[in-house]
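Asks: Attaching a predicted model along with its sequence, questions to come.
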Amino acid sequence: DAGVIQSPRHEVTEMGQEVTLRCKPISGHDYLFWYRQTMMRGLELLIYFNNNVPIDDSGMPEDRFSAKMPNASFSTLKIQPSEPRDSAVYFCASSLRASGNTIYFGEGSWLTVV
Amino acid sequence: AQTVTQSQPEMSVQEAETVTLSCTYDTSESNYYLFWYKQPPSRQMILVIRQEAYKQQNATENRFSVNFQKAAKSFSLKISDSQLGDTAMYFCAFILNYGGATNKLIFGTGTLLAVQP
């Protein structure tokens, strides 16, 4: 089975540009998570969805960040406008309630804002 | 609030030897899960092992095993017969279990393990 699929794997963009990160969760999983990893703050949960509905977005740093999940097989994390401090690895992850909370991660999207 | 602490920022082990990574956590809840994730230089997060808090038996996955001490809130990872491919950052993680519903996965700060040839 395919794992969590993220795109792009690497992106370099200029400050002020819009960035869109994409995620396809594991088929059948009903939870989707967006995490951010930086050296300073480690792994942070930004937002998570259950059955396409946002459950907790308290980790979203500010209004420049937004996330959507229009259907069970696709989610986006958008940053507009991007800033250098947004440079990080962004992970998408998914889980199935019935599987006992095991969360599976994608390979991450490495974002650099210059 | 739940917290996860990994007190060893870095560790080193010789190939074929055994190493133990420490993790402690704090919670007032009784129903939760604990995990160890491995992050190699590729940055991918790979699940190593999982432990349900209600199980007394320690989880084992091939060369990886845990020592789960619920009263002490301790969850250490033992890697036997270390291999060069085990070189990675290891994260301890915790998640509450509310009636089976998924909740936030809380990570420790990680331990960087280097396996020396």
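Replies: Yep, that arrived.

Asks: tell me the centre residue of chain A?
Replies: Per Cα atoms, centre = their mean, the C-alpha nearest to the average position across chain A is that of A:Trp34, at 3.2 Å.

Asks: which bits of chain A sit near chain B?
Replies: A:31, A:33, A:37, A:42-43, A:45, A:48, A:50, A:56, A:89, A:91, A:93, A:95, A:97-98, A:100-105, A:107-108, A:110 (Cβ under 8 Å from any Cβ of the partner chain). For every residue, glycine as well, the C-beta is placed using N, CA and C.

Asks: before we move on, back to that, give me the element the residue nearest to the centre of chain A is part of.
Replies: strand A:31-38 (DSSP states H and E).

Asks: Any stretches of chain A with poor pLDDT?
Replies: By pLDDT under 70, the low-scoring segments of chain A are A:1, A:98-100.

Asks: Report all helices and strands that the least confident helix or strand in chain B by mean pLDDT contacts.
Replies: Least confident helix or strand of chain B, by mean pLDDT, DSSP states H and E, is strand B:105-107 with a mean of 88. On a contact count with 3 or more Cβ pairs under 8 Å, 6 or more residues apart in numbering or on different chains; DSSP states H and E, strand B:105-107 meets strand A:42-50, strand B:3-5, strand B:88-96.

Asks: if we can go back for a sec, now do the residue nearest to the centre of chain A against A:Arg22, distance only.
Replies: 11 Å (Cβ to Cβ, to the nearest Å).

Asks: what do the two both touch?
Replies: Counting by Cβ atoms under 8 Å, 6 or more residues apart in numbering or on different chains, the residues touching both A:Trp34 and A:Arg22 are A:Ser75.

Asks: In contact with A:Arg9, which residues?
Replies: A:107-110.

Asks: those strands in the chain, which residues are they?
Replies: Defaulting to chain A. Secondary structure of chain A (DSSP state E): strands located at A:5-7, A:10-13, A:19-24, A:31-38, A:42-50, A:53-56, A:65-71, A:74-79, A:88-95, A:104-105, A:109-113.

Asks: wait, chain B
Replies: Secondary structure of chain B (DSSP E): strands located at B:3-5, B:10-14, B:19-21, B:24-26, B:32-39, B:46-52, B:60-61, B:64-69, B:74-79, B:88-96, B:105-107, B:111-116.

Asks: What lies in contact with the shortest one?
Replies: Spelled out, it's strand B:60-61. Surrounding strand B:60-61, the residues in contact under the criterion Cβ under 8 Å, 6+ apart are B:48-49, B:66.

Asks: And for stretch B:30-39?
Replies: A:100-103, A:105, B:2, B:21, B:23, B:25, B:45-54, B:64, B:66, B:68, B:75, B:77, B:86, B:88-98, B:105, B:107, B:110.

Asks: Can you give me the buried ones in that stretch?
Replies: Judged by neighbour count using 16 or more other Cβ atoms under 10 Å in any protein chain shown, the buried positions of stretch B:30-39 are B:32-39.
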